[in-house]
Structure formats: structure tokens, C-alpha cells
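Q: Below are the sequence and a predicted model for it; my questions follow.
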Amino acid sequence: MTHELSALTLAGLLQVIQFVLMSVPANLELGTRQTLGNRDNLNFEGEVSPRTARLYRALNNHFEGLILFSIACVVVSVSAQSTTLTVVCAYTYLAARVLYVPAYVFGWTPWRSYIWMIGFFATFVMLAAALF
């Protein structure tokens, strides 16, 4: 397995951890009647604590970022273009995502945005490196 795919696998595990960190308090705060129901009338962010709502938004943000990062890792790995640069970028993305969770949960402004930009830029560099 390439280093990029290892970083992608770890990012997937981070997503699982983020899901657990969000879903446990959400279930405690909303109750199983809400979380096991059809959720037709559920206003999630309006019915949970601000911390749980932030965990929810951080989780969704990682889903969005993980799409581009997955593309970058697969393209680099399948095309056998792994370099020191792409490996550093892959682990930079992963580190940024790990830091992003507490940055979002604890409202580290403006650091949360800077951390996000580092991860996004690392993904962009991986994609660009695959083309050039």
C-alpha cells in the first residue's frame, strides 16, 4: 500500500471516530425516540447543544474534504506517481483534519479556517503533482 493510501485509510478511520464523537452525545441529547425515528421534523442543530452541533458540522466538513483527498490519493497511487511531496501532502492533510476537529469544537477562530486551508492546499498540491 502506498503512503497516500495509508493516509487515506487513516482519514477514513478519523471519519469513524468523528461520527462516534458526534453520535453519542446526539443520541443522549435527543433520545432514541428522535434518533431512531424518521426524523421528518428534526431540526438537528436547533435541538442539540452547541458542542454537538459543532461536532456535526465538523463531520460533514470532513465528508466534503475527504472526497477530493480520496481522488488525490487514488490518482497518485494508481498512476504510480507517489513522491516525497505527495507523501508529505497526504500526511499534512491528515494532520490538518485531526487538528480541525478540536479547532471546530472549541471555536478556535481564525485558526480553524487556517487549519482547513492547510488541508485543502495539501490536497490541491497532490492533484497538481499528479498532472505535472
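A: That came through fine.

Q: who touches Glu29 in this structure?
A: 47-49, 52 (Cβ atoms under 8 Å, 6 or more residues apart in numbering). The C-beta positions use only the backbone N, C-alpha and C, and glycine is treated the same way.

Q: buried subset of those?
A: For these, a burial check counting by 16 or more other Cβ atoms under 10 Å picks out 48, 52.

Q: Could you pull out the buried residues of the helix or strand that contains Val20?
A: Assigning secondary structure by DSSP states H and E places Val20 in helix 3-30. Neighbour counts over helix 3-30 (16+ other Cβ under 10 Å) mark 3-8, 11, 14-15, 18, 21-22, 25-26, 30 as buried.

Q: Likewise for stretch 55-66?
A: For stretch 55-66, a neighbour-count test (16+ other Cβ under 10 Å) marks 55-56, 58-59, 61-62, 65-66 as buried.

Q: Out of those residues, which is nearest to Ala103?
A: Checking these against Ala103 by Cβ to Cβ gives Ala58 as the nearest, at 8.5 Å.
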